[in-house]
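1. Sharing a model that was predicted from the sequence below.
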Amino acid sequence: MTSESGGPRCDRGAGDAAGHPAPRENEPLRRFAGIWCRAVHPLAATTMTPEEFEGYLLPLAHRLSAALRSSPFDTEAAYEVGAALVDAQCTEPDALPAILGVIDAHLVSCSSPGVTLSPPSGESFPGTSSESIPGPSSESFPDPSDEPSHEPLADEEARARCVRLQHALAAGFVRELRERERDEQEAISRAAMAARTEAEKALHASEAKFQAVFEGAVIGVGIAGLDGQVLVVNDAMARMFGGMDFFRPGRNVTEFVHPDDVPGAHELYRELVNGERDHFRIEKPHYRDDGSELWTNLTVTLLRDSSGAPQYQLALAEDITEHRLLRERLRYEATHDELTGLPNRTLFLERLDQVLAADADAERFGVCYLDLDGFKAVNDSLGHVVGDRMLKTVAERLQRCVKAPAELLARVGGDEFLALVTGPAAQADGAGLARRMLAALAEPVRIEGRELRVRASIGVVDGRAGEIGRAEVLRSADITMYRAKAAGGNRFEIADADSNARVIARHSLTNGLPSALEKGEFFIEYQPLVRLTDGTVRGAEALVRWLHPLHGVLGPDQFIPLAEDTGLIVPLGRWVLEQAARQAREWRDAAEDDASLRVNVNLSPCQLSHPTLVSDTVAVLENAGLCPSALCLEVTENDLIGADESALRPLRQLADLGVDIALDDFGTGYSNLSYLRRLPVSQLKLDRSFTRGMQRAPADPVDVKIVEGIVSLAHTLDLAVTVEGVETAVQAEHLRGLGCDTAQGWYYARPGPPERLHTLALADAS
Ligand code: C2E
Ligand code: CA
Ligand code: CA
């Protein structure tokens, strides 16, 4: 973008040709423009008066405000605003920081959702007739009615966007400045050339021309001999270095070395003065006389005499000290986490990429992916302020474990941290680091008089550079961290391919689960329930299976937990209930003489707390034409421990309707037996573990005592007892003797297709 017109350019002005009345809501942005003007006008080499300048800034303020709230978020406008500010001669070294400082401090508050973005009316530029200040084109200003609706932004989001807008503005600013300086440089070089080649013809004229460009240039210009002796510098160059004194006679450019000079800078210089190259361009630091640091964008060109022999060197220097500081600040903000000051994901990934790309054989690395256990509960119950303080403390403690130069700790999400260690095998010990981090978190965190326990799960991935890609490292760390969580948390696990494969298999099951119901991949097997007194079949328990297209038949233990995690258990459970009710109706229809066959269906905790449990169950029974007493719902003991009256209400309603409720896996939980009285249950299903000791004679006497006690207690409470896992005749006989009512187990039948139950029932009848 050039500025040949010499005047400021603003693609979208604020003027409103339609003459809308000025909405009061624009007041905050007007104020913003006022503050902006006061901060920047003194630093602008503009011919505009402060009032004109403020008028120039107002539409730019509008554009920034609109960009802040744009959806989708877009920084292009800020880039253009940067360029527009260069056009308005805001080019003094301090101008850009001043511009950004005002945006940083005021833009978000002036752009609160109440502030509409309609253009201020009659906001045309003062002096639109002057060609140096072209009037803004009102038709290109966004019509307020076209303005996309803006969601109010969260504070944090608005801050983050504001930083990105500053970044874009600075980029647009620097780009425009650079283009402008390039134009100037070309003019200078052209003049210098002309001065040389036309020396004979128009020596005086061209020298005068050169002199004019030389003196008037915004960028520093200096000429030195091939031996490095400084011959002449212009005012701009002298100002940059702190005064003419810096270039006192005898100064040699070869003295201007700096420890941070780019490697190879000296080589470039040598080639130039030897006539092997015509120019080079580098970013170069210098010390001014007062010791302060100056960064320049330096172009050095070789000037040759008419015969082509090297004669002088011409240096063009642009002061980029402020730009560099700004670039560093923006880079810091873009790569660090605001809350903890730790590096963020961006920086971590940069470092990880470098480590993984290293080809040094000895280079090993360890990555620890740490996620706090139960942090959400802290945030939800104690509030974000406490949550934030906890995160800060955690960050500080972890930082103490990760302080060697070859180590890096980053905060990569709410309560997630990634740590990297590199070096030879002994140092790049991920497990060692994980151990140190857990130890550092062991002591409770004290916040506002509370002692909060911090627990964390860590996934550790160790590897060798060049053997594994970034995505794989992160995925493996993630999976391994989840393994640590699944194993109870507050621990670390080390990645290994087998465990990863298991987790991935689980993951692939979870993916296939939602569509499996629609695709009809589930089916139900029924396992008979047998009356112990006479050995007749009383009914069956419905046990669901998944015929997986890849993995074959999967048992409920392999997918019910996944269905519970994903909420799919509710539709799946309803489907099982429908199928089982329909099946019970069929059995009853087929065996008119035995109308008492019943079906047991398992209920998950999610179903228990689902608001439509009662109405769904009633509807299913009605559709199947089944009476409630033909259905028994099995609920595990653990799901009812601690349930209060309101949680029990649906079960009680179902029990009142006549549906039997059985307490499944009884004896595996820790419920207080007297508690049983409060529950709306009519049956206990004694867990397999209690009757295992009776499979062979003589029976384990302790088991016998326990079962005896439970049976007598259950009968006192009017509960029927079903025993699970009956595998032998001895066992069955023993349990019958102890007074158990019903039995279920392989001794009678394994779970199987529904037709088989009918056959068994018929066999009883005959
Ligand atoms: P459960 O309710 O305790 O079901 C009894 C389990 O014991 C069944 O395993 C059954 O096949 C097995 N079993 C039966 N007799 C014997 C025996 O003599 N010896 C041995 N060793 N095992 C025996 P399955 O089918 O794998 O079911 C496992 C669990 O999955 C069930 O335990 C139940 O809690 C759950 N489940 C099954 N179907 C459903 C369903 O539709 N919904 C819900 N929510 N859970 C279900
Ligand atoms: Ca069961
Ligand atoms: Ca059971």
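-> Now that the structure is in, tell me what you want to look at. Fair warning: this is a prediction, and the values are worked out from it, not measured in the lab. Ligands and ions are numbered 1, 2, ... in the order given.

2. where exactly do the helices run in the stretch 551-700 of the chain?
-> Taking DSSP state H, counting those that start in this stretch, the helices of the stretch 551-700 of the chain run over residues 556-566, 569-590, 605-608, 613-624, 637-640, 645-657, 688-691.

3. Which residues does the third one contact?
-> What it means is helix 605-608. 564, 567, 569-570, 573-574, 613, 635, 639, 647, 650-651 (C-beta atoms under 8 Å, 6 or more residues apart in numbering). In this view, the C-beta of every residue, glycine as well, is placed from N, C-alpha and C.

4. of the residues you listed, closest to residue 60?
-> residue 567 (49.8 Å; C-beta to C-beta).

5. count of neighbours near that closest one?
-> 12 (other C-beta atoms under 10 Å).

6. again, but for residue 749
-> By other C-beta under 10 Å, neighbour count at residue 749 equals 18.

7. does it really touch residue 541, like I thought?
-> No. Checked against C-beta atoms under 8 Å, the pair residue 749 and residue 541 is beyond contact range at 11.0 Å.

8. hmm, which of the contacts of helix 605-608 are the buried ones?
-> With burial judged by 16 or more other C-beta atoms under 10 Å, the buried subset of the contacts of helix 605-608 is 564, 569-570, 573-574, 613, 635, 639, 650-651.

9. So for those, which is the shakiest by pLDDT?
-> Ranked by pLDDT, the buried ones among the contacts of helix 605-608 bottom out at residue 639, which has 85.

10. quick one on the thing from earlier: can you list residues touching both of residue 749 and residue 541?
-> In terms of C-beta under 8 Å, 6+ apart, residue 749 and residue 541 are both contacted by the residues residue 527.

11. Compare the mean pLDDT across the helices of the stretch 551-700 of the chain and name the weakest.
-> helix 637-640 (a mean of 84).

12. does ligand 2 sit close to that one?
-> No. Where contact is defined by C-beta under 5 Å from the ion, no part of helix 637-640 touches ligand 2; the two come within 11.2 Å at best.

13. what's the nearest residue to residue 730 if we skip its chain neighbours?
-> Spatial nearest neighbour of residue 730, excluding adjacent residues (C-beta to C-beta, 6 or more residues apart in numbering): residue 697 at 5.1 Å.

14. returning to what we had before: okay, the helices of the stretch 551-700 of the chain in TSV with distance to ligand 3 next?
-> TSV is the format used below for the helices of the stretch 551-700 of the chain (distance: least, C-beta to the ion, whole Å):
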stretch	distance to ligand 3
helix 556-566	11
helix 569-590	15
helix 605-608	15
helix 613-624	20
helix 637-640	10
helix 645-657	17
helix 688-691	7
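
15. For these, give me CSV that also has distance to residue 506.
-> CSV is the format used below for those (distance: least, C-beta to C-beta, whole Å):
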stretch, distance to residue 506
helix 556-566, 7
helix 569-590, 16
helix 605-608, 19
helix 613-624, 28
helix 637-640, 22
helix 645-657, 29
helix 688-691, 25
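
16. of all these, which lies closest to residue 730?
-> Closest among the helices of the stretch 551-700 of the chain, using C-beta to C-beta: helix 688-691, at 10.9 Å.

17. Which segments of this protein make up each domain?
-> 27-181, 217-325, 342-495, 518-765 (automatic domain parsing).

18. Between the ones you listed, which one is closest to ligand 1.
-> domain 518-765 (3.2 Å; C-beta to the nearest ligand atom).

19. Kindly identify which of the contacts of helix 605-608 also come near ligand 1.
-> residue 573 (C-beta under 6 Å from any ligand atom).

20. So which of the contacts of helix 605-608 is the closest to ligand 2?
-> residue 635 (9.0 Å; C-beta to the ion).

21. Wait, that closest one touches residue 662, no?
-> Yes. With contact defined as C-beta under 8 Å, residue 635 counts as touching residue 662 (7.3 Å).

22. what sits in contact with each of the two?
-> residue 681.

23. near ligand 3, which residues of the protein show up?
-> Along the chain, the residues adjacent to ligand 3 under the rule C-beta under 5 Å from the ion are 664-665.

24. switch the cut-off to 6 Å
-> When proximity is defined as C-beta under 6 Å from the ion, the chain approaches ligand 3 at 664-665, 685, 724.

25. Report the buried members of those residues.
-> Judged by 16+ other C-beta under 10 Å, buried ones among those: 664-665, 685, 724.

26. want to throw these into JSON lines with pLDDT?
-> Listed next are these as JSON lines, based on pLDDT from 0 to 100:
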{"residue": "664", "pLDDT": "94"}
{"residue": "665", "pLDDT": "90"}
{"residue": "685", "pLDDT": "95"}
{"residue": "724", "pLDDT": "95"}
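
27. Mind putting those residues into a markdown table with distance to ligand 1?
-> Shown next, in a markdown table, are those (distance: C-beta to the nearest ligand atom, whole Å):
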| residue | distance to ligand 1 |
| --- | --- |
| 664 | 5 |
| 665 | 6 |
| 685 | 7 |
| 724 | 6 |
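
28. From those residues, pick the one nearest ligand 2.
-> After measuring these against ligand 2 - C-beta to the ion - the closest member comes out as residue 664, at 4.4 Å.

29. so where is the protein shaky, pLDDT-wise?
-> 1-25, 113-152, 194-208, 360-362, 425-426, 592-595, 670-672, 762-766 (pLDDT under 70).

30. other SSEs contacting the biggest helix by length in it?
-> As far as residue count goes, and with DSSP state H defining each element, the longest helix of the chain is helix 155-197. Applying 3 or more C-beta pairs under 8 Å, 6 or more residues apart in numbering; DSSP states H and E, one finds that helix 155-197 contacts helix 50-68, helix 76-87, helix 95-110, helix 199-216, strand 293-304, strand 310-319, helix 321-335.

31. Figure out the helix or strand that the closest residue to residue 402 other than its chain neighbours lives in.
-> Excluding its sequence neighbours, the residue lying closest to residue 402 (C-beta to C-beta, 6+ apart) is residue 409, at 4.0 Å. Assigned by DSSP states H and E, residue 409 falls within strand 407-413.
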